[in-house]
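>>> Please work out how this folds:
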Amino acid sequence: MEKLMEQMNAEMVRAFTACGYDGTYARVTTSNRPDLCEFQCNGALAAAKQYKKSPLVIAQEIVAELSDNKIFAQAEAVKPGFLNLTVRSDYLADYLCRMMEAEDFGNEKAANPRTIIIDYGGPNIAKPLHVGHLRSAVIGESIKRMGRYAGHQVIGDVHMGDWGLQMGLIIVELKERQPQLPYFDESYDGEYPKEAPFTILELEEIYPTASARSKEDEPYKERAMQATYELQQGRRGYRALLAHILDVSVADLKQNYENLDVSFELWLGESDAQPYVPAMVQKMKEDGFAYMSDGALVVDVKEDTDTKEIPPCMILKSDGASLYNTTDLATLVQREENYHPDEIIYVVDKRQELHFIQVFRCAYKTGLVEADTALKFLGFGTMNGADGRPFKTRDGGVMRLSVLLSDINEKMYQKIAENNNMSAEEARETAKIVALSAVKYGDLSNQASKDYIFDIERFTSFEGNTGPYLLYTIVRMKSILKKYAESGGSAQGCLILPAQTDSEKALMLEVSRFNGMIASAFEELAPHKVCAYLYDLANAFNHFYHETKILAQDDQKRQAGSIRLLELCRGIMETCIEVLGFTAPERM
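Residues are numbered from 1 along each chain as shown. Here you go, the predicted model:
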C-alpha cells in the first residue's frame, strides 16, 4: 500500500511539472509549524534560483494548480515562498479505512528480501549476565523483529565468548580443586563423564576466583595461558571440559534471556569458528595478504583516505594463539558458507568500533566476504547510573541483570498492588509485563549510539515518555472496546469517518504515519524512532479521548467510526511494542 507521504509527493510532483518545473523540487515534509499547517513544501525556494523567478510567484502557481485535487484541502503560498498544506479530512479517513483492511496495515514487505544475520548478546561463558549485557540484547532483538516485520529473513546469533583466557583460567582453577578428574590426565583415552563436574553457581564462583588470583600470581596466570593455548590446539580433555562449560552456561543464559523476551536462532560461540581458522590463515598467506610483524601474523588494513592511524589487523599472536580478530573473521567464513547472508549487523559497545573497522576491512580485502555483502557496526553507548557513570550496585559492584529485573518487577508490583483491583497473582504477572516495558522502552527510546541514565523512578512511572504510560494507553483502548462490545455494539464493516475535531484529525494523521515510520526505522537501524512514534501516537489518542466521549455518542454511525479508529490505533500500537520486544496486559 502506498504511503500517505508518497501519495502527497506524487500529487505535488504533478503540480510542479504541470507548471513547468522540475519535479525533484516537489518534496513534501511534515510541517515544522503545526500551528500553521500539517505539511509543507519548500521546493519553490530551491527552484527560484534555477528558474530565475520569485519563489513566491512559483509557490502561487503551484497553489493555483492544486486548486482542484483529491488530497489537499488547502494549499497556501506564504512569503518568501513556502507552500503550507492541509490534507482533506475525507481523503485521510479513506486512507485509514484502507489501512484497516490491508494486511499489516498496508505495510509493504520487502520486494527483494535479504538474508540478514544479527550478531548481538555476546555474553562470556561462565559469567552471569550483568547490566552491561542489557543494551546489546534489547537493541539487537528489536532490530531483528523490525527486519522480520519488513519481510526479511533475519537470523539472530548470540556469539558467545568461549575461547579466550577465561577458559584457561577455569581449567587451571578446576584442576587445583579436583586434580583427580580425568580431563587433566593426558594419557586418559576413555569416555569422559556425561555430567559436568560443576553447577552453574559453582562455575560462576570459579571464574572470578581464578581471575582475581591471576592478577597477583604470575605462574598461575602462565598456567592459564598455557591451558588456553592447549585448548585451542585441541587437547581432548580440555575440549570435553569446554563442552561441559557450554552446556551448563547456555542453559542458564537461555533462562536469563527468556526473562528479557530475547531469543536467538543460533547459539554459537567463538569456539565454533575454530575449524575455519587454519584454512583461512593459509589462504591469507598464499594470497599475499598476511605477513609476519614482530612475530605476529598481520594484514594491513589502512587506507589512503584515513584521517587517523588504523593499525594492521592481527590474525595470530606470536605464540600462534587466536585473537578476537581471528575468531570474528573465521565466523564470517562460517556464516558465508552456511547462510550466504546479504547483510551482517553487529550490535556491540561503540568502544569496539576500531576492532570492527579492522575486521571488516580485512574481510573485504582478503575476500572472506563478497564486496556486496554489507557488514554493519551498530555501536551503542553505556547505560549509566544517576552519577553519569556505568550503572553499579550500591556497593560499587556490577549488578547482575537478574537482580535488576527482579528489583524493577518488585517496584512495579508495589505500584500495581496499590490500586487493589486485582488478585496478588494477577498483579505479579501484570507487574512482570509492565516492568519489562519499563526496562526495554527506557533503553530503546534513546538513540543507540548515545549514553543514557538508567532512572528506575522515571522509567517505571505511568506518566511521561515511558513504557508503562504506553501500556496504560493501550489498556485504556482495550477497556473502551470491551465496554462497547459488552453494551451490544458492533463496528464490523463500519467506516472510519472524516474527522470532526482537531484532536481527532491529529490522531488520524499520527496513525497514517505508521508505514513510513516503520520502514525508515529499520533502514536506519533506529528503534528509538519507533519509540518516538509510539509516544506521539499515545499522546494524540489521549488528547482525542479526553475531548471525545466515545461511548456516550448519540450518533451510532459516528460512534462506530470512532471505534474503528480506536481498533486501528490499538492494532498499530500493539504492533509497535511487539517490534520493540514487549507486550501489553489486559488491564493495569
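>>> distance of residue 491 from residue 565?
9 Å (C-beta to C-beta, to the nearest Å). Quick note: C-beta positions are derived from backbone N, CA and C, even for glycine.
>>> number of nearby residues for residue 515?
Residue 515 sits with 22 neighbouring residues when counted by other C-beta atoms under 10 Å.
>>> Number of residues surrounding residue 312?
The number of residues near residue 312, taken as other C-beta under 10 Å, comes to 18.
>>> Give me the spatial nearest neighbour of it, chain neighbours excluded.
By the measure of C-beta to C-beta, 6 or more residues apart in numbering, the closest residue to residue 312 outside its immediate chain neighbours is residue 298, 3.9 Å from it.
>>> Next secondary structure after the strand or helix carrying that neighbour?
In the assignment (DSSP states H and E), residue 298 maps to strand 296-299. Of the helices and strands lying after strand 296-299 in sequence (DSSP H and E), the nearest is strand 313-316.
>>> Only C-alpha atoms, please: export that next one in CSV.
Extracted in CSV, the C-alpha atoms of strand 313-316 (Å, rounded to 0.1, in the frame of the first residue of the first chain):
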residue,chain,number,x,y,z
CYS,A,313,44.6,-6.4,11.8
MET,A,314,46.4,-9.1,13.8
ILE,A,315,45.5,-12.6,12.8
LEU,A,316,47.6,-14.7,15.1
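>>> if we can go back for a sec, give me the more crowded residue out of residue 491 and residue 565.
A direct count of neighbours by other C-beta under 10 Å for residue 491 and residue 565 places residue 565 higher, at 26 against 21.
>>> ok, that one - contacts?
Counting by C-beta atoms under 8 Å, 6 or more residues apart in numbering, residue 565 touches 96, 496, 504, 507-508, 511.
>>> Which of these are buried? Put it as a PyMOL command.
Of the contacts of residue 565, the buried ones can be selected in PyMOL as follows, counting by 16 or more other C-beta atoms under 10 Å:
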select buried, resi 96+496+504+507+508+511
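>>> Save the contacts of residue 565 as JSON lines, and put in pLDDT too.
As requested, those are exported to JSON lines (pLDDT from 0 to 100):
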{"residue": "96", "pLDDT": "98"}
{"residue": "496", "pLDDT": "98"}
{"residue": "504", "pLDDT": "98"}
{"residue": "507", "pLDDT": "98"}
{"residue": "508", "pLDDT": "98"}
{"residue": "511", "pLDDT": "98"}
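>>> before we move on, the earlier item: mind listing what the residue nearest to residue 312 touches?
With C-beta under 8 Å, 6+ apart, residue 298 has these contacts: 290-292, 312-315.
>>> Can you check the pLDDT for it?
On pLDDT, residue 298 comes in at 97.
>>> and if you look at the one 10 residues further on?
For residue 308, the pLDDT comes out at 94.
>>> again, but for residue 291
pLDDT, read off for residue 291, is 97.
>>> residues near it, how many?
Residue 291 - counted by other C-beta under 10 Å - has 14 other residues nearby.
>>> go on, residue 488?
6.
>>> now swap in residue 406 and tell me
13.
>>> quick one: average pLDDT of stretch 543-560?
Mean predicted confidence for stretch 543-560 is 94.
>>> Could you do stretch 476-493 as well?
Rounded mean pLDDT across stretch 476-493 is 95.
>>> Equivalent analysis for stretch 458-472, please.
According to the model, stretch 458-472 has a mean pLDDT of 96.
>>> State the pLDDT value of the residue in the chain sticking out farthest from the centre.
For the chain, the residue at maximal distance from the C-alpha centroid (C-alpha atoms, centre = their mean) is residue 187, at 49.2 Å. Note on residue 187: pLDDT of 94.
>>> what ranges do the helices span in the stretch 351-500 of the chain?
When assigned using DSSP state H, counting those that start in this stretch, the helices of the stretch 351-500 of the chain occupy the ranges 353-365, 401-419, 424-444, 456-459, 467-486.
>>> got it, and the stretch 51-200 of the chain?
Ranges of helices in the stretch 51-200 of the chain, per DSSP H, counting those that start in this stretch, are 55-65, 89-101, 134-149, 165-177, 200-214.
>>> any chance of the ones you listed in CSV, plus distance to residue 537?
Listed next are those as CSV, based on distance: least, C-beta to C-beta, whole Å:
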stretch, distance to residue 537
helix 55-65, 31
helix 89-101, 13
helix 134-149, 17
helix 165-177, 45
helix 200-214, 42
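>>> Highest mean neighbour count out of the helices of the stretch 351-500 of the chain?
Burial of the helices of the stretch 351-500 of the chain is given as mean neighbour count (mean count of other C-beta atoms under 10 Å); helix 424-444 ranks first at a mean of 21.
>>> gap between the nearest residue to residue 371 once chain neighbours are set aside and residue 24?
Residue nearest to residue 371 in three dimensions, not counting chain neighbours: residue 364, with 6.5 Å by C-beta to C-beta, 6+ apart. When distance is defined by C-beta to C-beta, residue 364 is 34 Å away from residue 24.
>>> got it, and residue 163?
53 Å.
>>> More neighbours: the two, which one.
Neighbour count, other C-beta under 10 Å: between residue 163 and residue 24, residue 163 has more, with 24 against 11.
>>> quick one, phi psi at that one?
Here is the backbone geometry of residue 163 (degrees, to the nearest 10): phi -140, psi 0.
>>> which residue packs closest to it, ignoring adjacent ones?
Nearest non-adjacent residue to residue 163 (C-beta to C-beta, 6+ apart): residue 270, at 3.7 Å.
>>> State the distance from the one you found to residue 190.
For residue 270, the distance to residue 190 - C-beta to C-beta - is 28 Å.
>>> same thing with residue 65?
88 Å.
>>> what do you get for residue 485?
Using C-beta to C-beta, residue 485 is found at 68 Å from residue 190.
>>> And residue 547, by the same measure?
78 Å.
>>> between these two, who's got more neighbours?
Just comparing residue 547 and residue 190: by other C-beta under 10 Å the higher neighbour count belongs to residue 547, 11 against 7.
>>> Pull the contacting residues for that one.
501, 503.
>>> Phi and psi next, for it.
Residue torsions, per degrees, to the nearest 10, at residue 547 are phi -100, psi -10.
>>> What of residue 107?
phi -70, psi 120.
>>> And the pLDDT for the nearest residue to it once chain neighbours are set aside?
Once flanking residues are discounted, residue 107 sits nearest to residue 515: 5.0 Å by C-beta to C-beta, 6+ apart. pLDDT, residue 515: 95.
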